[in-house]
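> here is my input; please provide its structure:
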Amino acid sequence: MRALLLAVALLAVVPASASAAFEVRSFTVTPSGLQAGSHPDVAIGLGFAPWSAGNAPEHVRDLTLSLPPGLVGNPNATARCAQAKFEADACADNTRIGSTSVKTTIPALGLVGLSVAAEGDVYNLSPGTDPARLGVVVRPPLGADKVFLVARVALRPSDGGLNSIIAGIPSKVGLPALGQQEMWIESMTLTLLGRPPGASQPFMTMPTSCKPATATAAATSAANTTVTRSAPPFTPTACAKLPFKPSLQATLSNGTLPALRTVISGPPGTANTASAAVVLPRALGVNVDALQSICTGAQQAAGQCPEPSRVGRAAARTPLLPPLAGPVYLAELPGQVLPGLRVFLSGTVSMSLAGTVDALHSPLRTEFAGIPDVPLERFELAFDAGHALRSRTDVCRGPLPRIAAVLTGHNGAVANLRVPVTVTGCAKPVATVRVRGRKLVLRVNAVRGGPALTFARLTLPRKLKAHPGRGKVSKGRLTRRGVLTIRTAAVRHLTATLRSGAFTRRSRKGALKFKLTTIDASRRRVHQTVKARR
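Numbers count the residues shown, from 1 in each chain. I've put the predicted structure just below:
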């Protein structure tokens, strides 16, 4: 016994060896399945330099786990645990999204390392000001104090990937009778569930791209030493089995400098959009006057684009975050001679998108490439009236304008879309009157985007004399005073013909001008003058 105590005393005065290097010895991210867009469990493993007598490494204090783009967790999949309940280890089962295991070493008398394995759970916490927060509860055995860690989740603006940030990892643990004891973390594993029990929707989702996916870990020690390590990549499979079914809508206002709103949406369970090229109707071109104010690269970097360069707004909705929204500017883009678009989206996260514009050819074409591999339920891009666009024609008349788009998914699939544009701001029904010889044809179309027609009254000019009893009237009733009255069920298009002597022409000098009154299903009455065509 005296010999043992003497040995301990001698060890206490012998200078300690140099500390072991601080390092991340291993890092793995392993999905339980590789199907692109699927919802497997994801195991994240970390290994650190082990403790040994006289050769203790620096304690790990902070961790940042950068998941590959497209590997995402949905914080809306489950209920959330309040911070106070988390700190009391009282989170409900329906907030649990995974599990954890931690292996630590606690020195005994400075000679022997006591290895302790602890298990725990991962919960979906109330996010506060972050996009999401995960709470990790580690429950050591033998009555040791529980350890509570909070992982903040942030979106990387560069590629839309997720960073999980854990700060302030403790280096001591409370033991019964012994109080606070120093400990070294040698390994830890987090397993995040693809489909947590009781979840309303999947939590973890694989990338929808079949490119190799690599995660990175950055660890900082209590002595501020920082090291990084990349995990072996995994490659999602079977991208061809993943559907890609986006849809496109557009609304255009009437006017010389119109407003245009486009909406691209995608149903859940499909590949995410990687690029979108939208071809505008031929009726639209660039308003050259708007090119006088452009946001420079330096202004974009500083987030200080001048107000005159703002041409619209954008909004994005994803199941992962509250809605994002922000302005759209005409902007300089690297490698582009002509100005393009810079979209700034902000909310719980901030990011920007660049869109190139081909204004040298008709029709006008705008393309956004490099869209992050995240599920977008809806992306809206709106150009304000009076700014970037100029209308070449009256869009309230003639064939309905159409907009086209070529969308490419992260799985490589391509969707070619072409849809009619909803036109707003048209004030009057579009009417034509054609007079050729003894035949008169009236055509009236309801206001584009407005209610259907229920009534029309056409008054013939003095140069025409009505003969209602001698001719033929295809629709309505013609009076001797030259008034054609048509009552109908609600219709979008109305046509009436007078012929075979229903009228005669008193004079062939000058143009024929008709007075037309219409009433639509909302009882709105419109008066207009229509000049006859041949």
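> which residues in the stretch 201-350 of the chain form strands?
204-205, 216-221, 226-230, 247-253, 260-265, 273-279, 284-286, 310-317, 324-331, 340-346, 350-358 (DSSP state E, counting those that start in this stretch).
> which of the residues in the third one are buried?
Just to be clear, that refers to strand 226-230. 227, 229 (16 or more other CB atoms under 10 Å). All C-beta atoms are positioned from the backbone trio N, CA, C, and that covers glycine.
> export the strands of the stretch 201-350 of the chain as CSV, with columns for mean pLDDT and distance to T296.
Below are the strands of the stretch 201-350 of the chain laid out as CSV (pLDDT from 0 to 100; distance: least, CB to CB, whole Å):
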stretch, mean pLDDT, distance to T296
strand 204-205, 97, 38
strand 216-221, 97, 33
strand 226-230, 96, 34
strand 247-253, 96, 30
strand 260-265, 96, 25
strand 273-279, 96, 25
strand 284-286, 93, 19
strand 310-317, 96, 14
strand 324-331, 96, 8
strand 340-346, 95, 10
strand 350-358, 92, 14
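> L63 is nearest to which of these?
Closest approach to L63 among those (CB to CB): strand 216-221, 5.5 Å.
> all helices for this protein, in order.
Ranges of helices in the chain, per DSSP state H, are 2-13, 83-87, 297-302.
> just the CA coordinates of the second one, formatted as CSV?
Just to be clear, that refers to helix 83-87. Only the C-alpha atoms of helix 83-87 are listed here, as CSV (Å, rounded to 0.1, in the frame of the first residue of the first chain):
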residue,chain,number,x,y,z
GLN,A,83,-37.0,25.6,-24.2
ALA,A,84,-38.1,25.4,-20.6
LYS,A,85,-39.5,21.8,-21.1
PHE,A,86,-36.3,20.8,-22.9
GLU,A,87,-34.1,22.1,-20.0
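> got the contact list for it?
Helix 83-87 has contacts (CB atoms under 8 Å, 6 or more residues apart in numbering) with 91-92, 123, 125-126, 128, 135, 137, 148, 150.
> quick one: buried residues of it?
Neighbour counts using 16+ other CB under 10 Å place 85-86 of helix 83-87 among the buried residues.
> next: stretch 210-222.
Applying 16+ other CB under 10 Å to stretch 210-222 flags 210-211, 213, 215-221 as buried.
> pretty sure D89 sits against V137.
Yes: with contact defined as CB atoms under 8 Å, D89 reaches V137; the gap is 5.5 Å.
> thinking again about what came up before, just so I know, which of the strands of the stretch 201-350 of the chain lies nearest L67?
Closest approach to L67 among those (CB to CB): strand 216-221, 8.8 Å.
> which residues touch that closest one?
Outside of strand 216-221, the residues within contact range by CB under 8 Å, 6+ apart are 22, 24, 27, 46, 48, 57-66, 226-231.
> tilt between it and strand 226-230?
Angle between the axes of strand 216-221 and strand 226-230 is 160 degrees (criterion: axes from the mean of the first three to the mean of the last three CA atoms, to 10 degrees).
> so T104 versus E58, what's the distance?
Plainly put, T104 is 15 Å away from E58 if you go by CB to CB, to the nearest Å.
> ok, P334 next?
Using CB to CB, one gets 41 Å for the distance from P334 to E58.
> for A490, same thing?
A490 is 79 Å from E58, by CB to CB.
> so between these two, which is more surrounded?
Between A490 and E58, counted using other CB atoms under 10 Å, E58 has the larger neighbour count: 22 against 11.
> please name the bridge partners of the closest residue to the more buried one other than its chain neighbours.
Distances taken as CB to CB, 6 or more residues apart in numbering place S221 nearest to E58, at 3.6 Å, with adjacent residues excluded. In this entry, S221 is beta-bridged to V60, by DSSP bridges.
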